[in-house]
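**Student:** below is the sequence, then the predicted model.
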Protein chains: 2
Amino acid sequence: MSFAERLRVGPGFRLADVDPDSTPGFDGDRKDGAAALAAGEPELDRLQELLFANTEHDPRSVLLVLQAMDTAGKGGILRHVVGAVDPQGVHIHAFKKPTPEELAHDFLWRVERELPGPGRIGVFDRSHYEDVLIGRVRQLADPAEIERRYGAIVDFEERVAASGTVIVKCMLHISSDEQRDRLAERLDRPDKYWKFNPGDLAERALWDDYQAAYQLAIERTATETAPWYVIPANHKWYARLAVSELLTDALRSLRQEWPPADFDVAAQRAALG
Amino acid sequence: MSFAERLRVGPGFRLADVDPDSTPGFDGDRKDGAAALAAGEPELDRLQELLFANTEHDPRSVLLVLQAMDTAGKGGILRHVVGAVDPQGVHIHAFKKPTPEELAHDFLWRVERELPGPGRIGVFDRSHYEDVLIGRVRQLADPAEIERRYGAIVDFEERVAASGTVIVKCMLHISSDEQRDRLAERLDRPDKYWKFNPGDLAERALWDDYQAAYQLAIERTATETAPWYVIPANHKWYARLAVSELLTDALRSLRQEWPPADFDVAAQRAALG
């Protein structure tokens, strides 16, 4: 069974039942995982080049959405998985606290602007899901508006998918204990201070509320066209391998070939001399 | 003598005197070059992380400008040199034929918008130099306007550098014969057709005009604050190694350290539990 089949959220999904220490679909240890990640890179690289090569011929694209609690490893995914492909073909956007201009628009306005163009892999480091996660937990909008957003997200993603974007939504799932250890490391190592923000502890104090918000967001927005994958992430090597496999699957699903020449090859060859 | 010292354009520079087959500052062959490139990656990676880590503390950035005749290897630099660092900290922009909106503005308008922000490495795949290269060769503007642009570029780069951006301008220099071979490969291999454009041959027919335009652009805009480096590029491995070293030098020149904690570490550590 593929990583995709094992990790895809289905009916009756319960986040609390996913063991963050588990490694579904993979038997090995950290070293095996790193080897499997490296072994998959040539195919990922080739598929990304095919996508890019078809930019003028095929409007399709791939969008990888990364959501997680702090320290769960989004940065490592960007560095080690997304970083394995040609950066020319990738558009990464980190969604931060909305600006006043962004807040003056509907919550999806800023998201629409960062969608990948034809031939591109788009990566969202956080996303519109924050608007039903921190938005819910911190009551940044009234309950009716939060409620409206789930449906708006489903409609939005449906439209994005219909325009040719394969959407892969990943939640990296760590345990509360693992987060404590990782935050402690950031406080123990001066070369990691910059990754720490005192606000992180305030968010951590709301752990259970966030887990409930994730449960709700995932169950309300896991659709056929824009599935959610919940990835146990206490083992960084496993999360990287799993996301790499999911991204590779998404690219494979496009079944692309090298685009045909849109010029007379023999004539050009003769003209070149 | 460092790559930078050997490759930096100085007074009396003549492009025609640079041998595209040479490998200044490096004695080895392709294999040694690839090993040297790989050996330099950890430092490049660390320096880029330092730059990124200092985003909130230090407004500085690095801008790598890549110019070259078709097939000279810009794509390989993006993939193998820029691709070696964390993609979160890199902003690549490929300047294409200007849109009508861009043409309605001064030629530097679209360039200004793509400058790297604090803590970022910006990479220009082609740049404002096209406006004095193809602009001159194809007479896309009248001679007085082309003439004005050299000074405008110097002033612009002076201002960008003063705002804290270290500018590294690289011209990848191949021979006409090498370009023919590389274009032939694109016409001989169906997996490379997508990289070929019939317009490439029309540009190639103007080789000497382009070389003259490069000579002029480089001599008019090679300044202390925004130096030009002309990199022999018939050997792809050499060009990659050289650009990697130049980028590393630029980052080193910032002399950054891990930023200090802007919070009370002990108090946060105690609060974490």
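**Tutor:** Sure thing, it's come through.

**Student:** export the helix or strand encompassing A:Gln179 as PDB, just CAs?
**Tutor:** Secondary structure here is read from DSSP states H and E; on that basis A:Gln179 sits in helix A:176-188. Listed in PDB are the C-alpha atoms of helix A:176-188, where the atom choice follows Å, rounded to 0.1, in the frame of the first residue of the first chain:
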ATOM      1  CA  SER A 176       3.100  17.700  22.600                       C
ATOM      2  CA  ASP A 177       6.100  16.100  24.200                       C
ATOM      3  CA  GLU A 178       8.100  16.200  21.000                       C
ATOM      4  CA  GLN A 179       7.300  19.800  20.600                       C
ATOM      5  CA  ARG A 180       8.500  20.500  24.100                       C
ATOM      6  CA  ASP A 181      11.800  18.800  23.300                       C
ATOM      7  CA  ARG A 182      12.200  20.700  20.000                       C
ATOM      8  CA  LEU A 183      11.400  24.100  21.700                       C
ATOM      9  CA  ALA A 184      13.900  23.200  24.400                       C
ATOM     10  CA  GLU A 185      16.600  22.700  21.800                       C
ATOM     11  CA  ARG A 186      15.900  26.100  20.400                       C
ATOM     12  CA  LEU A 187      16.400  27.600  23.800                       C
ATOM     13  CA  ASP A 188      19.500  25.600  24.600                       C
END
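
**Student:** what lies in contact with that helix?
**Tutor:** Judged by CB atoms under 8 Å, 6 or more residues apart in numbering or on different chains, the contacts made with helix A:176-188 from elsewhere in the structure are A:20, A:69-72, A:174, A:192-193, A:195-196, A:200-201, A:204, A:207, A:234, B:265, B:268-269, B:272-273. Any C-beta I mention is one placed from the backbone N, CA and C, and that applies to glycine too.

**Student:** ok, and for the following helix or strand past that helix, which residues are buried?
**Tutor:** Moving toward the C-terminus from helix A:176-188, the next helix or strand (DSSP H and E) is helix A:199-204. If you call a residue buried by 16 or more other CB atoms under 10 Å in any protein chain shown, then helix A:199-204 has these buried ones: A:200-201, A:203-204.

**Student:** what does stretch A:162-182 give?
**Tutor:** Buried residues in stretch A:162-182, counting neighbours by 16+ other CB under 10 Å, are found at A:165-175, A:178-179, A:182.

**Student:** what average pLDDT does that stretch get?
**Tutor:** For stretch A:162-182, the per-residue pLDDT values average out at 98.

**Student:** what does stretch A:143-150 give?
**Tutor:** On average, stretch A:143-150 scores 98.

**Student:** chain center to it: distance?
**Tutor:** On the basis of CA atoms, centre = their mean, to the nearest Å, stretch A:143-150 sits 23 Å off its chain's mean C-alpha point.

**Student:** could you do stretch A:107-116 as well?
**Tutor:** In terms of CA atoms, centre = their mean, the centre of stretch A:107-116 is found 15 Å from the chain centre.

**Student:** longest helix in chain A, by number of residues?
**Tutor:** Longest among the helix segments of chain A by residue count, using DSSP state H, is helix A:30-53.

**Student:** before we move on, the earlier item: quick check: the farthest pair among the buried residues of helix A:199-204?
**Tutor:** The most widely separated members of the buried residues of helix A:199-204 are A:Leu201 and A:Glu203, with 7.3 Å between them, by CB to CB.

**Student:** that'll do, ta.
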